[in-house]
Every structure is written in C-alpha cells, then in structure tokens.
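Participant: Got a sequence here, can you build the structure:
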Amino acid sequence: MQPRMLKRPLKQEEIDDLLASQKVGHLATLGEDGPYVLPINYALMGGKVYLHGRKAGGQKLDNIRADPRICFAVNSQAGYETGPTPCDTEAIFQSAIGRGTARILEDGDPLIEAALLKFAEKFATHIKDPIIEPAKLAVTAVIELTINQWTGKYYK
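Facilitator: Numbers count the residues shown, from 1 in each chain. Prediction:
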C-alpha cells in the first residue's frame, strides 16, 4: 500500500501565521551535558522571538551563556485522518523550525519591558492596561532569539 502522507514546505507567511497562532514552542540549547529541549511560552516582536524566565537562572540560561546557538520549534496539530488500519491513521499538522542565536537582554534594556508587555498582551488578555511591576521586572530575565533561517512543513 502506498503511503498517503502529503508533505509540503510552508511559505514564510504560513510560518509567520503559525508562529502568531501558537503559544508554546520548544527551545533547544546545548550545554556541557548535551542538548537540552524545553517547552516554553513565547512572544513575537519586531521579527524576533522573546522568551522569559527567572533571572536566577537554571540550565536554559547557563546553556545560552555558554553557547548562544539555539533551535526553536513550533507546531500545531489539526487532528487525524483515520484509515482502515492503525498504520493508515495519520496526523495532520504544521511545524516550523528556526535556527539562530539567543541573547539575554541586559538590565535596563527597554526591550525587556516591551517584550514583557507583549507577553501580557498574548497571555493575560483579561487585563486591559497591564503594568509590569518593578519587583517582578527585577527578577525576570528576557531572552531574544534572532532566527537566521526558518523552515516549515505541512503534513497530511
């Protein structure tokens, strides 16, 4: 039996739409123990991807400090197309993968508050005029991803 899966590349505008429609991506960094991948909320601003986390750090920030090269992936699943056998059931989804570099923004960088407001706009839609409290700002790290190359695929 011939496989039914159709795979085609996504155009850049389709990748942009996918990125705008999703809330969680997967960030891959490289540390001394090897690759490290984690699911993470993200926001888009000015053609870049922004992430945030505790300034106190952890493996994500340690890895970025040691090697700023990253890979970032986003996907959406539309469902399944079922067939007469389990092997004929296929997932229908889109995915985008970007390779680039990460930069931890320095204290005082105006992009920090702007990025955090983008997060509020995306995730705290119930708050009309969000304010980033100075105490929260002081303990939050913001990471800027510059993606040099996006690739995307549609699978059905």
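Participant: Show me what the most centrally placed residue in the chain is bridged to.
Facilitator: The geometric centre of the chain, computed from its C-alpha atoms, lies nearest to residue 25 (CA atoms, centre = their mean), at 3.4 Å. With DSSP bridges applied, residue 25 shows beta-bridge pairing to residue 40.
Participant: Might you report the residue contacts of it?
Facilitator: Applying CB atoms under 8 Å, 6 or more residues apart in numbering to residue 25 gives the contacts 39-40, 42, 49, 72-74. The C-beta positions use only the backbone N, C-alpha and C, and glycine is treated the same way.
Participant: Secondary structure element holding the residue lying closest to residue 21 once chain neighbours are set aside?
Facilitator: Computed as CB to CB, 6 or more residues apart in numbering, the closest residue to residue 21 that is not its neighbour in sequence is residue 76, at 6.6 Å. Following DSSP states H and E, one finds residue 76 within strand 69-81.
Participant: what's the answer for residue 150, then?
Facilitator: Going by DSSP H and E, residue 150 is in strand 140-155.
Participant: What strands line up against that strand, and which way round?
Facilitator: Counting by DSSP bridges, strand 140-155 is paired with strand 7-9 (antiparallel), strand 48-54 (antiparallel), strand 90-104 (antiparallel).
Participant: Same list (the ones you listed) but as a markdown table, adding mean pLDDT and distance to residue 152.
Facilitator: What follows is the strands paired with strand 140-155, written out as a markdown table (pLDDT from 0 to 100; distance: least, CB to CB, whole Å):
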| stretch | mean pLDDT | distance to residue 152 |
| --- | --- | --- |
| strand 7-9 | 87 | 6 |
| strand 48-54 | 96 | 14 |
| strand 90-104 | 94 | 4 |
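Participant: Would you confirm that the residue nearest to residue 21 contacts residue 91?
Facilitator: No. Using CB atoms under 8 Å, residue 76 is not in contact with residue 91; the gap is 10.9 Å.
Participant: Just the mean pLDDT for the strand holding residue 76, thanks.
Facilitator: Strand 69-81 shows a mean pLDDT of 91.
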